[in-house]
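Colleague: Okay, predicted coordinates and the sequence, questions at the end:
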Amino acid sequence: MYHDLGRPELAIERFRAASALDPNNARVRASLGAAYGAVGRFKAADTEVQLALSLDPTSLEVRAEQGLLAFRKGLNAAAEEVLQGVCKQDPRHAAAHFYLGEALNRLGRGGAEAVAAMERVIELQPHNRRAYPALGMLFDRMYEPERAAEMHRRAGELTCVDSARG
């Protein structure tokens with residue numbers, strides 16, 4: 001998604017256009033909400049995510065965006081609850097695992113639970129550049145310097161590969 005690529009304003013523009021074409025598309029509305037959340041427009045984000053939930057309360061993608069928005073708003077307990085459900089329903093949802101790990105860490109539960117979530121992200125997306133440093137920081141906090149150093153090294157390798165492709 002554009003908001004995950006550091007282009008949330010473009011995402012807002014595209015999702016607004018898409019929602020004008022199909023105002024009852026829950027996934028588009030949820031994505032628009034997430035894009036608003038990425039730029040701190042939380043009132044608009046809440047409106048869109050709530051609309052998406054009313055359109056399709058069982059959609060996994062809508063619930064994942066709900067969890068992401070809760071995380072961005074600093075509502076880590078709410079994010080954890082929603083994202084745990086998404087991860088249980090779809091164990092392959094890498095973004096849900098990533099933000100679940102981050103929410104757990106912010107809740108002071110940066111041990112085994114958060115590590116398991118981040119390790120799952122890496123298992124699903126071995127080239128995820130954000131998961132390695134996050135996992136490295138978790139290991140740092142757990143006083144596991146060797147494992148932390150390995151994650152930071154792997155993050156650096158991914159950055160070098162990406163720079164070479166650039």
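Modeller: It's in. This one's a predicted model, so the numbers in the text were calculated from it and none came from an experiment.

Colleague: helix/strand/coil for Gly74?
Modeller: coil (DSSP: H, G, I helix; E, B strand; the rest coil).

Colleague: swap that for Tyr143, please
Modeller: coil.

Colleague: give the contact list for it.
Modeller: By CB atoms under 8 Å, 6 or more residues apart in numbering, the contact set of Tyr143 is empty. For the C-beta atoms, the positions are set from N, CA and C on the backbone; glycine is no exception.

Colleague: Need phi/psi at it.
Modeller: Backbone torsions for Tyr143, taken as degrees, to the nearest 10, come to phi 60, psi 50.

Colleague: For Gly136, see how far away it is.
Modeller: 13 Å (CB to CB, to the nearest Å).

Colleague: and for the two, which residues touch both?
Modeller: Overlap of the contact sets of Tyr143 and Gly136 (by CB under 8 Å, 6+ apart) is empty.

Colleague: Determine the number of other residues adjacent to Leu100.
Modeller: 29 (other CB atoms under 10 Å).

Colleague: any idea how far Leu68 is from it?
Modeller: Leu100 is 10 Å from Leu68, by CB to CB.

Colleague: what's the overlap in contacts for those two?
Modeller: Ala79.

Colleague: Might you report the residue contacts of Gly101?
Modeller: Glu113, Ala114, Val115, Ala116, Ala117, Met118, Val121, Ala134, Leu138 are the contacts of Gly101 under CB under 8 Å, 6+ apart.

Colleague: and the host helix or strand of Arg14, how far from the chain's centre?
Modeller: If you go by DSSP states H and E, Arg14 is part of helix 8-21. Counting by CA atoms, centre = their mean, to the nearest Å, helix 8-21 is centred 19 Å from the centre of its parent chain.

Colleague: what does stretch 9-29 give?
Modeller: For stretch 9-29, the separation from the chain centroid amounts to 19 Å (computed by CA atoms, centre = their mean).

Colleague: Nothing else from me, thank you.
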